[in-house]
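Asks: predicted model, plus sequence, below.
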Amino acid sequence: MFQKILIANRGEIACRVAATARRMAIKTVAVYSDADANAKHVGACDEAVHIGGSSPKDSYLRWERIIEAAKASGAQAIHPGYGFLSENEAFARACAEAGLVFIGPPPSAIQAMGLKAESKQLMEKAGVPLVPGYHGANQDTALLKAEAERIGYPVLIKASAGGGGKGMRAVDQPADFESALASCKREAIASFGDDAVLIEKYVQRPRHIEIQVFGDSHGNYVYLFERDCSVQRRHQKVLEEAPAPGMTDAMRRQMGGAAVAAARAVKYVGAGTVEFIVEQYPGGEMSFFFMEMNTRLQVEHPVTEAITGLDLVEWQLRVACGERLPIKQDELKIQGHAIEARICAENPDNNFLPATGRLNVARWPEHVAFRRNADAERFHEPAPVRIDAGFGQGDEISPYYDSMIAKLIVHGATREQALARLDEALSQTHIVGLATNVQFLRHVARSPSFAKADLDTALIPREQAVLFNQEPVGKVQAAAAAIAQALLDESAAEKADPFSRRDGWRSHGETIRRFEFDFHGERFNTQLTYRHDGRLHLAAGDANGLLEFADAPGGIDLQFAGLRQCVTVYAQGENDHVFTPRGATQILSIDLLAHAGEGQADAGRLTAPMPGKVVSFAVKAGDKVSKGQALAVMEAMKMEHTIAAPADGTVAELMFAPGDQVAEGAELLTLTA
């Protein structure tokens, strides 16, 4: 076994690999960029090497520096994680030339499966069913458009070297094809250095089901069952689960057999995932088509670990050392059900706009980190709740990398139990300091479609009425929680004497205190009465009654307006972040003196919603524009974002040029009415 490995990645996957290596008594070396100098993965490893600037192209994609770091530190092998260099054939070859073991498949397998078009031609020869499409090398725009016409709309344009939903566009009609193609190619060249695309028929009610495969250098192969990854936004996964709901044993064997055949066709070694598009028909029947093979460990591998009781990173390390697979196919069994939720720094209610900033609060539910005792049998008992996090409280989320903060994995005896655990665990996940998708994930898990496993890749748009712009808490309960927290804070700051008791007792009469709030743009007044009997009476909107509260483990035991619940409030300046079992919200405590004289913001300015690069402007100074018209395209966190006109007007001035880097809040252009 290796004595020391270098982990050529960052975030939660670097921490995840380091955890298994530590259990196996393998020393680890981290690499880090300028932006990641204080990152969690740096401290998770035994030593760390700085490899360059904050941008991936200046650090995590500079494979020559990574190889130098491995050799200088005495590492014998490199684990690439996922993303970055994990599917880079040249990097895998360079590792071998430098005398280092690449913990992944051989370069020939990466090459064979790395380009979607070539891999589909290979799968066609192997007899694996394919979606109708064009996978040729000719990238002439006219030809591609003609192929789309031949296949029949709607079609899907996909970056041939792509993955993770980048460089992918669905097109419904010929008029939109060329603009979608140009955008797809821009994103592909930026993410993968290759703008070649393929065209496929867009399946109408598709499910995204993938098979985890493993091979060793002795010609042994197994499939570790399937994962359903149908819940997606922007072609990127949101929730993943295993096993796939509705999967029959017969279809599982068919798909597993096809996945193993795909792996055998390229003499695959290590962990890989064969992804299929599954078409659903009336009556419950399904058919599957090969989509692509990811020649690496997947983000969602923990759900497979949960239902099989295996450590896939340990398997990777052992296979890379030349060992045989420890288990045969007939020894593998499915135990229970697992679901993974990707917790990301983004605003779902604003088209999933990425967010950056500091994690002022990062509180996770009670969980068990992935581990196994050294004397354990080949299988382990899955944890009811597991957190794979790449960040902790106080860390910064930068604009340079993917927006994922952590993964929350739950396991239950049944899907229903796993769903209940997921909702409870998400309710106990408290993140303050930037926008996240935690509440959105709760809405998805509770949606009618997901709850009854009516799954396809259009679930989010289909259920948008119950997923977006939801307010499960309400201003009355938010205000009551904020007031209770304010009184608790005041009490803690005062000396414990009879005149500073928070229960409101007075020697005579009653005292009235007013609190004013802003709840999502709505001014809201409340009146708190300190009664002579020592109790507190609150009038908040239409609700009136006694306000009762007390310190409780992890929050406040709050009773008001006929509802008793445990709430947690984090005061950040004037903002109170309120977390309840029903959901979370924010409410602003108004200081009338501080807010006196505020005017309305200049509606004619258009500012960058996040740090990033200006890709293009669709207008020039003097152009007349209509509300909703696309004005500019920005790129941040490897994704493109369109800036639209908030109202009709005329472009007065463009403040930047394409290619410019801009800060969050920078004025991009101005409009006049």
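Replies: Thanks, I have the structure now. Quick caveat: nothing in here was measured; it's all calculated off a predicted structure. Residues are numbered from 1 along each chain as shown.

Asks: and the helices in the stretch 551-673 of the chain?
Replies: For the stretch 551-673 of the chain, the helices defined by DSSP state H, counting those that start in this stretch occupy 592-595.

Asks: flag the shaky bits of it, pLDDT-wise.
Replies: 591-605, 610, 636-639 (pLDDT under 70).

Asks: quick one: the strands in it, in order.
Replies: Along the stretch 551-673 of the chain, the segments classed as strands by DSSP state E, counting those that start in this stretch run 555-560, 563-572, 575-579, 584-589, 605-607, 612-617, 624-625, 630-636, 639-644, 649-654, 661-662, 667-672.

Asks: okay, strands next: where are they in the stretch 101-250 of the chain?
Replies: Going by DSSP E, counting those that start in this stretch, the stretch 101-250 of the chain shows strands at 101-102, 133-134, 155-159, 168-171, 197-201, 206-215, 221-233, 236-242.

Asks: now those strands as TSV including mean pLDDT, mean neighbour count and distance to R358?
Replies: Quick note: C-beta positions are derived from backbone N, CA and C, even for glycine. Below are the strands of the stretch 101-250 of the chain laid out as TSV (pLDDT from 0 to 100; neighbours: other CB atoms under 10 Å; distance: least, CB to CB, whole Å):
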stretch	mean pLDDT	mean neighbour count	distance to R358
strand 101-102	98	22	36
strand 133-134	90	21	45
strand 155-159	93	25	33
strand 168-171	93	20	32
strand 197-201	92	23	38
strand 206-215	97	25	34
strand 221-233	97	24	25
strand 236-242	96	25	24
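
Asks: of all the ones you listed, which one is nearest N437?
Replies: N437 lies closest, by CB to CB, to one member of the strands of the stretch 101-250 of the chain: strand 236-242, at 7.7 Å.

Asks: just want the angle from that closest one to strand 206-215.
Replies: Calculated by axes from the mean of the first three to the mean of the last three CA atoms, to 10 degrees, strand 236-242 forms an angle of 70 degrees with strand 206-215.

Asks: partner strands of strand 236-242, with direction?
Replies: Within its sheet, and counting by DSSP bridges, strand 236-242 is paired with strand 221-233 (antiparallel), strand 337-344 (antiparallel).

Asks: rewinding a little: out of the strands of the stretch 101-250 of the chain, which is closest to A39?
Replies: Proximity of the strands of the stretch 101-250 of the chain to A39 was assessed by CB to CB; the nearest stretch is strand 236-242, lying at 22.3 Å.

Asks: could you check the angle that closest one makes with strand 639-644?
Replies: Using the same axes, to 10 degrees, strand 236-242 lies at 130 degrees relative to strand 639-644.

Asks: distance from the chain centre to strand 236-242, please.
Replies: Mean-position distance between strand 236-242 and its chain equals 9 Å (CA atoms, centre = their mean, to the nearest Å).

Asks: cool, stretch 546-562 as well?
Replies: 33 Å.

Asks: first-to-last residue distance for that stretch?
Replies: Using CA to CA, to the nearest Å, the end-to-end distance of stretch 546-562 comes out at 10 Å.

Asks: what comes up buried for stretch 388-404?
Replies: For stretch 388-404, a neighbour-count test (16 or more other CB atoms under 10 Å) marks 388-391, 395, 397-404 as buried.

Asks: related to what we said a few turns ago, make TSV from the strands of the stretch 101-250 of the chain and add distance to A14 to it.
Replies: As requested, the strands of the stretch 101-250 of the chain are arranged in TSV below (distance: least, CB to CB, whole Å):
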stretch	distance to A14
strand 101-102	16
strand 133-134	36
strand 155-159	25
strand 168-171	26
strand 197-201	31
strand 206-215	21
strand 221-233	22
strand 236-242	20
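
Asks: among the ones you listed, which comes closest to R535?
Replies: R535 sits nearest to strand 236-242 of all these, at 45.0 Å, using CB to CB.

Asks: now tell me what touches the closest one from outside.
Replies: For strand 236-242, contacts defined as CB atoms under 8 Å, 6 or more residues apart in numbering pick out 164-165, 208, 225-229, 231-232, 299-300, 303-304, 306-307, 334, 337-342, 415, 418, 437, 441, 444-445, 450, 460.

Asks: please export the C-alpha coordinates of it as PDB.
Replies: Coordinates of each C-alpha in strand 236-242 appear next as PDB, following Å, rounded to 0.1, in the frame of the first residue of the first chain:
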ATOM      1  CA  GLN A 236     -26.500  20.100 -12.800                       C
ATOM      2  CA  LYS A 237     -27.600  17.600 -10.100                       C
ATOM      3  CA  VAL A 238     -29.500  18.800  -7.000                       C
ATOM      4  CA  LEU A 239     -30.600  15.600  -5.200                       C
ATOM      5  CA  GLU A 240     -29.300  12.100  -5.900                       C
ATOM      6  CA  GLU A 241     -30.600   8.900  -4.500                       C
ATOM      7  CA  ALA A 242     -30.000   5.200  -4.500                       C
END
